[in-house]
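In: 3D, please:
(4 chains)
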There are 2 protein chains.
Amino acid sequence: MEADNSRTEEYLESIYKLQQEQHPVSTSRLAEHLKLSAPSVSEMVKKLTGKGLVFHSEKGVCLTDDGKSLAKKVIRRHRLSERLLTDILGYKWDEVHDEACKLEHAISPEMEDRIAESLGNPKTCPHGHPIPDKEGNLVKEKVKPLSELKAREKGIIVNVFEEDPNMLKYLASLGMLPDVCVKVEEIAPFGGPLIVCVAGSRYALGREVASKIKVK
Amino acid sequence: MEADNSRTEEYLESIYKLQQEQHPVSTSRLAEHLKLSAPSVSEMVKKLTGKGLVFHSEKGVCLTDDGKSLAKKVIRRHRLSERLLTDILGYKWDEVHDEACKLEHAISPEMEDRIAESLGNPKTCPHGHPIPDKEGNLVKEKVKPLSELKAREKGIIVNVFEEDPNMLKYLASLGMLPDVCVKVEEIAPFGGPLIVCVAGSRYALGREVASKIKVK
DNA sequence: TCATAATATTAGGTATACCTAATCAAAAAA
DNA sequence: TTTTTTGATTAGGTATACCTAATATTATGA
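Out: Numbering: from 1, shown residues only, chains lettered A, B, ... in the order given. Below is the predicted model:
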């Protein structure tokens, strides 16, 4: 019984991503993220538990070591795919997520190696997230949301925790890309916008958006 | 009900390929090629018929215009994938078939365009087969099997109708690749080998192998 | 504390694409 | 012509991964 692992990979990837915000991931949050019904997710989680990829703690689902390892393999393939799309095929950073979601399940370990090599072993995806290495090691930089900078503080954009194409297109139009320096000029009170300076231009940035931009 | 078309694509691709040898394709031949049981194929063919992609004539299955069109799209993606693998990722021609079989179902029309453009709109796959254009037009050169040349005749290899990696590796080791000139020095009688000359070297080539090599 | 709301799971059901065993039909050989 | 072989289909069944509706199970807040 040769398996089609793409569903499994999809679940693990989502769990991995979601647990970065909310540690044990709730099934409902997972269902929402995967755009599936709660019972479908409940059932599948049970199967993943049977395969030793996941376990149920008090408040939700956690990855086992095996699950984490597989999730990182998928993430590696996803982010390498994104880099392939931007660096070689000329995609913009807002166009790559959905394509990479399909590609990541069609890439063999062999091909993964070749892509990495052809691209010069990139360390991050186009959105600034680290690409795990072959062994699953992943270097996380110490970052904080741009929204937590104080007035007059500067930061360098490390990554953008968002995949909505419209938001990404918007940020690109402001020149807000990884490695770019941003200065918070002032912070409007009562949850108002941040006035930021990027490459000499000033923009008013909503808190919501600013919280997705991670700086160091 | 969003569909996963990859099974459909696999069937159409196989039918397209097989009908080049045997016009209406028998279900048993198709089952063999897809490595599935005959009843599975029978059933699936019925579904494809319902979708208007295929019809049943006297002696087997034929593609409708829609089916042919879809098949050629898949073949275009397959062959572009192969070229991506060889030209950009450094694969050998004997390593690309299986990888491309997975990739072809994960490539969007958008990505198909980008690959074609990035590669300079290649006309053929690494094995010499023509890549259909966006509209499904496909230029077939007039070729004959190397095995039909007479002693002392020369030909230029156009393509190799074979995907077995071992055979491809063997041919590459003899320098027998598309666009290479081959001369048949002599033909051993009683179904014996052809003695061919490639780039100054002489080799004895079995009839079976020679029949897979198409020359002009 | 008790009701309400949010979360998770059971129960029961669908669609897809596969399978084996058995049957039916047509072609080839005796 | 009859038998045998080959080829295709029907019948019945499996696994996977999804669904809705109903039912628990927790939290939260009045």
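In: How much space separates the most centrally placed residue in chain A from B:Met167?
Out: With distances taken as CA atoms, centre = their mean, A:Phe161 lies nearest the centre of chain A, 5.7 Å away. The gap separating A:Phe161 from B:Met167 is 49 Å, by CB to CB, to the nearest Å. In this view, the C-beta of every residue, glycine as well, is placed from N, C-alpha and C.
In: For stretch A:95-104, which residues meet the burial criterion?
Out: A:95-97, A:99-104 (16 or more other CB atoms under 10 Å in any protein chain shown).
In: who touches that stretch?
Out: With contacts defined as CB atoms under 8 Å, 6 or more residues apart in numbering or on different chains, stretch A:95-104 is touched by A:9, A:13, A:74, A:77-79, A:81-82, A:84-86, A:91, A:126, A:163, A:165, B:103, B:106-108, B:110-111.
In: The closest residue in space to A:Val160 that isn't next to it in sequence: what's it in contact with?
Out: Distances taken as CB to CB, 6 or more residues apart in numbering or on different chains place A:His127 nearest to A:Val160, at 5.1 Å, with adjacent residues excluded. Contacts here follow CB under 8 Å, 6+ apart; on that basis A:His127 touches A:82, A:93, A:159-160, A:162-163, A:168, A:178.
In: which one of those is nearest A:Gly191?
Out: A:Glu162 (19.1 Å; CB to CB).
In: Neighbours of A:His56, how many?
Out: Counted with other CB atoms under 10 Å in any protein chain shown, the neighbours of A:His56 add up to 13.
In: phi, psi of it?
Out: phi -100, psi 120 (degrees, to the nearest 10).
In: who's in contact with it?
Out: Contacts of A:His56 by CB under 8 Å, 6+ apart are A:45, A:49, A:62.
In: Which positions in chain A make contact with DNA strand D?
Out: A:1, A:4, A:7-8, A:35-37, A:39-40, A:43-44, A:47, A:58-59 (CB under 7 Å from any atom of the strand).
In: Name the nearest of these relative to DNA strand C.
Out: DNA strand C lies nearest to A:Pro39 out of the residues of chain A next to DNA strand D, by CB to the nearest atom of the strand, at 3.2 Å.
In: so how far is A:Ile75 from the closest one?
Out: 27 Å.
In: Please identify which of the two sits among more neighbours.
Out: A:Ile75 (23 against 10).
In: The more buried one belongs to a strand, doesn't it?
Out: No: the assignment for A:Ile75, made by DSSP: H, G, I helix; E, B strand; the rest coil, is helix rather than a strand.
In: In helices, which of the residues of chain A next to DNA strand D appear?
Out: Per DSSP state H, helices hold the following members of the residues of chain A next to DNA strand D: A:7-8, A:39-40, A:43-44, A:47.
In: thinking again about what came up before, quick one, what contacts the residue nearest to the centre of chain A?
Out: Contact analysis of A:Phe161 by CB under 8 Å, 6+ apart lists A:212-214.
In: Filter those residues down to just the ones in strands.
Out: Judged by DSSP state E, the subset of these located in strands is A:213-214.
In: Quick one: name the residues of chain A near DNA strand C.
Out: A:26-29, A:38-39, A:42-43, A:45-46, A:56, A:60.
In: With respect to DNA strand D, which of those residues is nearest?
Out: Looking across these and measuring by CB to the nearest atom of the strand, the closest to DNA strand D is A:Pro39, at 3.5 Å.
In: Quick check: the gap between that closest one and B:Arg207.
Out: 61 Å.
In: now A:Pro130
Out: A:Pro130 is 56 Å from B:Arg207, where distance means CB to CB.
In: Neighbour count for the two, which is higher?
Out: Between A:Pro130 and B:Arg207, A:Pro130 has the larger neighbour count (other CB under 10 Å), namely 19 against 15.
In: what's near enough to touch the more buried one?
Out: By CB under 8 Å, 6+ apart, the contact set of A:Pro130 is A:79, A:123-124, A:138-141.
In: Give me the phi and psi for it.
Out: According to degrees, to the nearest 10, A:Pro130 has phi -70, psi 140.
In: before we move on, back to that, include secondary structure and pLDDT when you put the buried residues of stretch A:95-104 into CSV, please.
Out: Formatted as CSV, the buried residues of stretch A:95-104 follow (DSSP: H, G, I helix; E, B strand; the rest coil; pLDDT from 0 to 100):
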residue, secondary structure, pLDDT
A:Glu95, coil, 96
A:Val96, helix, 96
A:His97, helix, 95
A:Glu99, helix, 95
A:Ala100, helix, 96
A:Cys101, helix, 95
A:Lys102, helix, 95
A:Leu103, helix, 96
A:Glu104, coil, 96
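In: what residues does stretch A:183-191 touch?
Out: A:146, A:149-155, A:194-198, A:202, A:204, A:207.
In: try it again with 7 Å
Out: A:149, A:151-154, A:194-197, A:202, A:207 (CB atoms under 7 Å, 6 or more residues apart in numbering or on different chains).
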